[in-house]
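Participant: sequence and predicted structure below; questions after.
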Amino acid sequence: MQEAQSTQGHEHEHRSDTVILPAPTPWPMVLALGVALMITGMVTHWVISLLGLILTLRAIVGWFFDIFPHELHVAVPVQTGVMKISSTRTTREQLPVSASHRQMLPVETFSVVSGIKGGIVGGLAMIVPAALFGLLKYHSIWYAVNLLAAGGFVSWASETTAFLCQFHLEGLLAATGIHAFTSVLIGLLYGAMLPMFPRKPILTAGFVAPLLWTGILYSALGIISPVLNERINWLWFVISQIAFGLVCGFIVNLQVKVRTPQFRALPFAVRAGIHSDQPLTKDDEL
C-alpha cells in the first residue's frame, strides 16, 4: 500500500515539473511571408506573386500536418518558486490640472464594417473620373484600367498607348484586384480618421487627405510603379482621389458609431447625459 502511494506521488511530482505546450512550428511565419509576397507581386512582378503562392501552399500543408490527425505538443520542464515582485512605481498618479481643464475622450468611433463599406463605394465612385479621363484624352475607357494593371506586368512597360487603350481580360482582373484591395484599406483608414475631424469631417477628409496621399504617392510612385509614374496624369489623379474621399467620407459618416472603452469607463452620470450632480456656484453661473 505504501509502495503504491509512493508511485502515485512520484508521477504527480513528474507532471508538476513539466508543462505541455504546442510544438514550435515555422509555418505561420512562412505563411505570412507567402501572403506578403503575393501582394507585393501585384505591384512589382508576377514571379514574386508566384513565389508567394508556392510558399503559402507549402505553409498551409505543413501547418495542417502539425495539427492533424493529432496536435503536436512538447513537454517543457519548469522550475517552480516564489518570485517577489516589487516596483518603485505607484499604481495611480494624480496629475495637476486647472479648474478649466477639459479632457477630450474618443467616446465614439466607426466600426470596421463602416470603413469597408466606405472603401467599396468610394472605389466605385473613383472609377467615374478615371474612365472619363481615358475617354476624353484617348477615346477609350480601358486606358486607366490597363495603366493601373501595367504596374503588375513588366512586359507592358514598353507597350504603346494604342495597346493600353484596348480591352485585355488579364489587365481588367489585375486592375480590379489592385483597386479593390487599396480602396478597402483606405476606407478602413477613413473609418479611423473621421472621428478625429471635429468640424466638417467630410470636406476635410475629402480634400486634405487625398492631397496628402497624392503628395506621398508622387514621391514614391517612381519606385512602386515606374510605368504608372511615366504616364499618369496627376490632375485627373487628384480629381479621382477627391471623388473617392468625398464619397467614402459620406458613406462612412452615415454609419452608426459604436461606443469605445473610454466611454464605458466614464462615470454613470456622464454616460446618462448628466454632466454633474453638484449645484452650480456663483462663479459657475457667471
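Facilitator: Happy to help now that I have it. Everything quoted here is computed from the prediction, not taken from an experiment.

Participant: residues contacting residue 202?
Facilitator: By CB atoms under 8 Å, 6 or more residues apart in numbering, residue 202 lies in contact with 194, 246, 249, 250, 253. C-betas here are computed from N, CA, C, even on glycine.

Participant: sec struct for the third one, please.
Facilitator: Taking DSSP: H, G, I helix; E, B strand; the rest coil as the rule, one finds residue 249 in the helix state.

Participant: okay, and the residue nearest in space to the middle of the chain sits in which element?
Facilitator: Geometric centre of the chain, nearest residue: residue 185, 5.8 Å, by CA atoms, centre = their mean. Secondary structure assignment for residue 185, by DSSP states H and E: helix 169-193.

Participant: in space, what's closest to the residue nearest to the centre of the chain - neighbours in sequence excluded?
Facilitator: residue 119 (7.1 Å; CB to CB, 6 or more residues apart in numbering).

Participant: neighbours of the one you found, how many?
Facilitator: 26 (other CB atoms under 10 Å).

Participant: tell me how far it lies from residue 47.
Facilitator: 29 Å (CB to CB, to the nearest Å).

Participant: cool, and residue 243?
Facilitator: Noted for residue 243: a distance of 34 Å to residue 47, by CB to CB.

Participant: likewise for residue 235?
Facilitator: Taking CB to CB, one finds residue 235 at 34 Å from residue 47.

Participant: show me what contacts residue 152?
Facilitator: For residue 152, the contacting residues are 41, 42, 43, 44, 45, 46, 174, 178, by CB under 8 Å, 6+ apart.

Participant: just the helices in this structure please.
Facilitator: Applying DSSP state H to the chain gives helices spanning 2-16, 27-41, 46-67, 112-138, 142-149, 161-164, 169-193, 201-224, 226-231, 234-254, 261-264, 268-271, 282-285.

Participant: okay, the angle between the longest one and helix 201-224?
Facilitator: Yep, that's helix 112-138 we're talking about. With axes from the mean of the first three to the mean of the last three CA atoms, to 10 degrees applied, the angle from helix 112-138 to helix 201-224 works out at 60 degrees.
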